[in-house]
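1. have a look; sequence and predicted model below, questions after that.
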Amino acid sequence: TMRPIMHALGLDRPTLFEQVARAQAEVAAKREALARVGQLASSGHFSNRLTSELSRDRTMARDEAESALRALRSTLSRADVRLVLWSEAVAVERAVYREQFDRAVISEAVLRELEIGTDLAHDALKRGDLPDNVTMIVPLEARLIDGLMRSIERIAPRAVRRAQVVQRYHMRALASKYEHDMAVHEAGRRVASQVADLAELVGAESDLAAECRSTYDRRAVAALKQLDSVAEHFPEYVQAVQRHTAERMALDGEADAVDRLAEAGVIPAGVAEDARRAVARAQHAHAHFSIAELVPKPEELLVRVPLMAELDPADVARVAAALVPRTILAGATIITQGERGTSLLLIARGVVAVLVTKGTDPAARVASLGAGEFFGERALLTDEPRNATVQAVTDCQLYELTRRDVDALRASNRSLEAKLQAADRARSSGADAG
């Protein structure tokens, strides 16, 4: 019932924007057809008369398509050409994301988020606006799960963390973010390298091409910085992810090879089926790879923490057994000024910012802490509220000691007590993160 109404209102007629895209596709198709005819002519298996006729027909078809495209372009304003160029760029970007998924570099969930982003970019172009920078679009169900996890973590932190439910969730979020940045970097690099060809195709001037190319260059550089940050602060994680990705790609290659051999009749059907099952089992095992296994072991990290430098092995083992891992994503608040402190936190990976609010003034950043440092000790020792807010500058891997665990360690280890007191005195002269 809607079709007649849409036709009467003209809503089913393609826009000028869509007409150009169709005309460009027609030209590309005719050029490819002519190239294939040329390949037939050079093969020597077809008569010259046949290939000459085909070449003449295809050349005429190509010329007609190019003429139609030129006529359509002549009706375009500079603003229209700009939007068409960007539409082609977004189409290439989307194709790169799909390719990354087909090569098992990114998961289906990340692909869906990225494709939503390209859909929104196309919608913006249809309205006559340039698309904003790529952002990670989080579906509603993912936002609901995130809110549920935060609520559970706040209500029953110890029980959930011991079960490692929240920890695994945050590590999956880190993995998705890493895959997202890998795909955006590759798409930005590829689009930037093809902008000149796209500009020639749509008849865009050099300054419009430069604008589009510089935007995708910036996206690629920004994504690479994010990847480098994760690699710097989570080297074991990145190495494991890269190894896992390479193994998935290798298995996909094995599956493709088996299919090609089976189609060519090189291997019997039974052998091919057995080979497919073996590859499928390996793919299934890698699809269920446990991200939680990528968390660094606390024993490997404690030796780098100055607070624990002089403890004997038995005490190190006791501290390691009490540590609770926490993965914090960039931008998240870890502790808040004014709240009652209940834990000491050790930084295994990443950088945090220490922010202090005085009176009605906005929060000021007074310090940065990195791997091997700790914060929260003053609140444990003095039972005072937190005197600073700490936020994650990068993705962080923390280990937490609760008040109960620290009190038990202090009671049995006077050297640890002395170190905590010394750290409190050193920071009390300025702003700290207690």
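-> Structure's in. What do you need?

2. so which helix or strand of the chain has the lowest pLDDT on average?
-> Scoring the helices and strands of the chain by mean pLDDT, DSSP states H and E places helix 157-163 at the bottom, with a mean of 51.

3. chain center to the helix or strand following it, what's the gap?
-> Towards the C-terminus, the helix or strand next in line after helix 157-163, according to DSSP states H and E, is helix 165-202. Helix 165-202 has its average C-alpha position 6 Å from the chain's average C-alpha position, going by CA atoms, centre = their mean, to the nearest Å.

4. same for whichever helix or strand comes after helix 165-202, what does it pack against?
-> The first helix or strand that comes after helix 165-202 along the chain, using DSSP H and E, is helix 206-233. Based on contacts counted as 3 or more CB pairs under 8 Å, 6 or more residues apart in numbering; DSSP states H and E, the elements that helix 206-233 packs against are helix 78-102, helix 165-202, helix 235-263. Bear in mind the C-beta positions are built from the backbone N, C-alpha and C, glycine included.

5. ok, now which ones touch L323?
-> By CB atoms under 8 Å, 6 or more residues apart in numbering, the contact set of L323 is P298, L302, L346, Y399, E400, L401.

6. reformat those residues as a markdown table; add neighbour count and distance to D407.
-> Supplementary listing: the contacts of L323 in a markdown table, determined by neighbours: other CB atoms under 10 Å; distance: CB to CB, whole Å:
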| residue | neighbour count | distance to D407 |
| --- | --- | --- |
| P298 | 20 | 19 |
| L302 | 22 | 19 |
| L346 | 25 | 17 |
| Y399 | 23 | 17 |
| E400 | 20 | 14 |
| L401 | 23 | 10 |
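
7. which of these sit farthest apart?
-> The largest distance within these, taken as CB to CB, falls between L302 and E400 and amounts to 13.3 Å.

8. now the common contact residues for the two.
-> Each of L323, L346 lies in contact with both L302 and E400 under the rule CB under 8 Å, 6+ apart.

9. poorly predicted segments of this protein, please.
-> In the predicted model of the chain, residues 1-17, 44, 132-143, 149-150, 152-168, 233-239, 285-297, 300-311, 379-380, 419-434 satisfy pLDDT under 70.

10. how much space between the residue nearest the centre of it and Y216?
-> For the chain, the residue lying nearest the average C-alpha position, counting by CA atoms, centre = their mean, turns out to be H180 (1.7 Å). Using CB to CB, to the nearest Å, one obtains 16 Å as the distance from H180 to Y216.

11. next: V351.
-> In this structure, V351 lies at 28 Å from Y216, with CB to CB as the measure.

12. give the buried residues for stretch 112-124.
-> R112, E113, L114, E115, G117, T118, L120, A121, H122, A124 (16 or more other CB atoms under 10 Å).

13. ok, now stretch 211-220?
-> Under the neighbour-count criterion of 16+ other CB under 10 Å, stretch 211-220 has E211, C212, R213, T215, Y216, D217, R219, A220 buried.

14. mind telling me what element the residue of the chain most remote from its centre is part of?
-> For the chain, the largest distance from the centre (CA atoms, centre = their mean) belongs to R49, which lies 54.9 Å off. Assignment of secondary structure by DSSP H and E places R49 within helix 48-74.

15. just how off-centre is that helix within its chain?
-> Averaging C-alpha coordinates over helix 48-74 and over its chain gives two centres that are 43 Å apart (CA atoms, centre = their mean).

16. packing partners for it?
-> Under the contact criterion of 3+ CB pairs under 8 Å, 6+ apart, the helices and strands touching helix 48-74 comprise helix 16-43.

17. between helix 165-202 and the helix it packs on, find me the angle.
-> 80 degrees (axes from the mean of the first three to the mean of the last three CA atoms, to 10 degrees).

18. would you double-check that G147 falls in a helix?
-> Yes. Membership of G147 in a helix is supported by DSSP: H, G, I helix; E, B strand; the rest coil.

19. going forward, the N-terminal residue is numbered 3.
-> With 3 as the first residue, the last one maps to G149.

20. now, which of the buried residues of stretch 114-126 lie within helices?
-> Within the buried residues of stretch 114-126, membership in helices is found for R114, E115, L116, E117, G119, T120, L122, A123, H124, A126, as judged by DSSP state H.

21. verify the contact between the fourth one and Y99 for me.
-> Yes. The pair E117 and Y99 passes the contact test of CB atoms under 8 Å, sitting 6.3 Å apart.

22. how about whatever helix or strand H286 lives in, which residues are buried there?
-> The secondary structure element spanning H286 is helix 271-289 (assigned by DSSP H and E). Neighbour-count burial for helix 271-289 flags A274, A277, V281, A284, Q285 (criterion: 16+ other CB under 10 Å).
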